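**Student:** Prediction below, plus the sequence it came from.
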Amino acid sequence: MAEDDKTEADLTGGGLRRRPRHQPLEVGGRRLSPATLMMGHGFDPALSEGSLKPPVFLTSTYVFDSAAAGKRFFEGVTGKRPGGAEGLVYSRFNGPNQEILEDRLGIWEEAEDALTFTSGMAAIATVLLALVQPGDTIVHSAPLYAATETLIGKILGRFGIKWLDFPAGATREEIDAVMAEANASGRVPLIYLESPANPTNALVDIDAVTASRDALFPGEKPLIVIDNTFLGPLWQQPLKHGADIVIYSLTKYAGGHSDLVAGGAVGSKAAINPIRMMRNTIGTILDPHPAWMLLRSLETLELRMSRAGENAAKVCAWLRDQPKVEHVGYLGFLEEGSRQADIYNRHCSGAGSTFSLYLKGGEAEAFRFLDALKIAKLAVSLGGTETLASHPAGMTHLSVPQARKDALGIGDNLVRISIGVENADDLIADFEQALAAI
Ligand code: PLP
């Protein structure tokens with residue numbers, strides 16, 4: 001038998017020692033839901049002494065059964081054979097905790113493949129590095145998370161990569177105009193979206209971006225990459241709207257307990273493969289321990305996000321009527337018939353639990369409100385079990401130039417709130433006394 005024809009079982013001495021990559025996704029003809037699959041998908045207790053939960057695999061390297069097996073696995077690591085290594089090799093490339101997590105992460109969006117990273121920014125940086133070349137133009141929606149803007153505008157800019165953007169709510173015609181300008185400027189490797197945008201919650205019309213890309217790039221198509229941190233994977237699934245790669249800061253809702261930092265990317269095998277090669281080279285793979293913690297977190301993802309979403313709906317309904325509140329930028333309040341509502345109705349199945357609170361006044365009022373909070377914690381980040389509040393203009397988006405902040409609606413009176421799973425009436429009591437302190 002030629003070495004290339006050997007199966008993994010041949011190469012491991014007949015017995016398939018690695019966990020099965022895909023366990024049954026249905027029982028009695030019923031397709032199992034992600035909430036069910038989070039308890040066991042991708043892990044075979046028999047491979048770990050019957051342990052119900054996977055152990056944390058703390059090892060830097062893995063022992064091959066044979067030299068031929070090692071060679072074959074390296075063909076996967078180096079990209080000679082697409083799809084990644086068929087066996088465990090070295091912890092900069094793969095590991096059981098990360099692979100089980102990746103299998104489970106992909107389940108939510110029925111993605112073919114998934115990767116995990118040391119942070120959301122590591123995921124974004126690895127994806128961009130894998131796709132861009134000097135002279136390219138990246139088209140992106142705006143606003144973006146400030147570090148992503150810095151990465152695209154300032155860091156990649158040093159290597160001769162240009163960018164053009166369109167506002168998150170742009171129409172098909174507006175998107176077409178920016179795409180055409182980018183197309184005329186040279187190669188466009190990717191279109192980078194963030195929806196809802198941090199911190200304004202503005203939605204991008206992914207359907208329109210896909211249609212525009214397909215119409216304006218009849219040949220080699222730029223990949224559509226989207227940061228789905230605010231609503232995914234429960235309430236928005238961009239792969240179903242034509243996106244090629246969906247990126248997550250798993251630090252947020254997926255981790256969900258504000259106790260780890262991690263990132264993820266999901267998509268087709270073809271889209272993920274070059275990203276895996278880049279991750280193998282630069283070593284941005286998630287560590288086993290936070291990967292294990294994320295496996296624990298994904299078991300309650302639907303429960304946590306559902307409860308947080310219900311809480312946010314109650315809190316926002318109360319906030320909206322308060323005299324010191326100018327506006328509540330919550331996706332549940334989009335005006336029927338508006339462009340944002342149209343995008344929401346086509347793309348989203350829930351309004352999430354992170355929203356923008358615009359207070360009457362400016363920075364002084366926002367700071368007094370934040371300083372008075374007793375239950376909600378004054379901290380950046382979002383998607384945890386506890387409610388957090390922060391001031392984007394002075395914190396996460398401080399590095400964004402003032403003119404751009406003004407254009408994007410990141411004002412001094414904007415407070416970003418991420419609602420957790422506490423009792424909603426307790427949270428309302430907290431916001432009531434904080435508004436009184438303004
Ligand atoms: N994308 C969005 C929308 C974010 O809000 C953040 C962090 O707040 C990131 C990416 C970066 O994620 P991380 O902090 O895990 O690197």
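**Tutor:** Right, received. Where do you want to start?

**Student:** Just the residues contacting stretch 405-414, thanks.
**Tutor:** With C-beta atoms under 8 Å, 6 or more residues apart in numbering as the test, stretch 405-414 has contacts from 142-143, 167, 199-200, 202, 326, 356-363, 365-366, 391-394, 397, 400. (Glycine included, C-beta is placed from N, CA and C.)

**Student:** got the contact list for I245?
**Tutor:** With contact taken as C-beta under 8 Å, 6+ apart, I245 is in contact with 127, 223-226, 265-267, 271-272, 275.

**Student:** For the residues you listed, could you give me a markdown table that also reports neighbour count and distance to A35?
**Tutor:** Formatted as a markdown table, those follow (neighbours: other C-beta atoms under 10 Å; distance: C-beta to C-beta, whole Å):
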| residue | neighbour count | distance to A35 |
| --- | --- | --- |
| V127 | 28 | 28 |
| L223 | 21 | 30 |
| I224 | 26 | 28 |
| V225 | 27 | 27 |
| I226 | 25 | 23 |
| A265 | 29 | 22 |
| V266 | 30 | 17 |
| G267 | 27 | 22 |
| A271 | 24 | 26 |
| I272 | 27 | 24 |
| I275 | 25 | 27 |
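
**Student:** Adding distance to the ligand, write those out as JSON lines.
**Tutor:** Output for these, formatted as JSON lines (distance: C-beta to the nearest ligand atom, whole Å):
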{"residue": "V127", "distance to the ligand": "12"}
{"residue": "L223", "distance to the ligand": "18"}
{"residue": "I224", "distance to the ligand": "16"}
{"residue": "V225", "distance to the ligand": "12"}
{"residue": "I226", "distance to the ligand": "10"}
{"residue": "A265", "distance to the ligand": "12"}
{"residue": "V266", "distance to the ligand": "15"}
{"residue": "G267", "distance to the ligand": "17"}
{"residue": "A271", "distance to the ligand": "19"}
{"residue": "I272", "distance to the ligand": "18"}
{"residue": "I275", "distance to the ligand": "16"}
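
**Student:** Would you agree G76 falls within a helix?
**Tutor:** Yes. Assessed by DSSP: H, G, I helix; E, B strand; the rest coil, G76 belongs to a helix.

**Student:** Looking at the closest residue to the ligand within the stretch 51-200 of the chain now. What's its pLDDT?
**Tutor:** Nearest residue of the stretch 51-200 of the chain to the ligand: G120, at 2.4 Å (C-beta to the nearest ligand atom). Here the pLDDT value assigned to G120 is 98.

**Student:** Then E3?
**Tutor:** 46.

**Student:** Next: G84.
**Tutor:** G84 is given a pLDDT of 79.

**Student:** Out of the contacts of I245, which comes closest to S418?
**Tutor:** I226 (19.9 Å; C-beta to C-beta).

**Student:** Three-state assignment for that closest one, please.
**Tutor:** strand.

**Student:** P196 is in contact with that one, correct?
**Tutor:** No. Using C-beta atoms under 8 Å, I226 makes no contact with P196, being 10.8 Å away.

**Student:** Which single residue of the stretch 201-350 of the chain ends up nearest the ligand?
**Tutor:** S249 (3.1 Å).

**Student:** my guess is that residue contacts G232, does it?
**Tutor:** No. Taking C-beta under 8 Å as the definition, S249 is not a contact partner of G232, at 10.3 Å.

**Student:** Point out the residues in the protein that sit beside the ligand.
**Tutor:** Taking C-beta under 6 Å from any ligand atom as the criterion, the chain approaches the ligand at residues 119-121, 145, 194, 198, 227, 229, 249, 251, 261, 263, 381.

**Student:** any idea which of these has the most stuff around it?
**Tutor:** In terms of neighbours by other C-beta atoms under 10 Å, these top out with D227 at 30 neighbours.

**Student:** what's the spacing between that residue and A202?
**Tutor:** Per C-beta to C-beta, to the nearest Å, D227 is found 13 Å from A202.

**Student:** Between those two, which contacts overlap?
**Tutor:** With C-beta under 8 Å, 6+ apart, D227 and A202 have common neighbours S195.

**Student:** my read: the residue of the stretch 51-200 of the chain closest to the ligand touches G232, true?
**Tutor:** No. Look at G120 against G232 with C-beta under 8 Å: they stay out of range, at 11.9 Å.

**Student:** No more questions from me, cheers.
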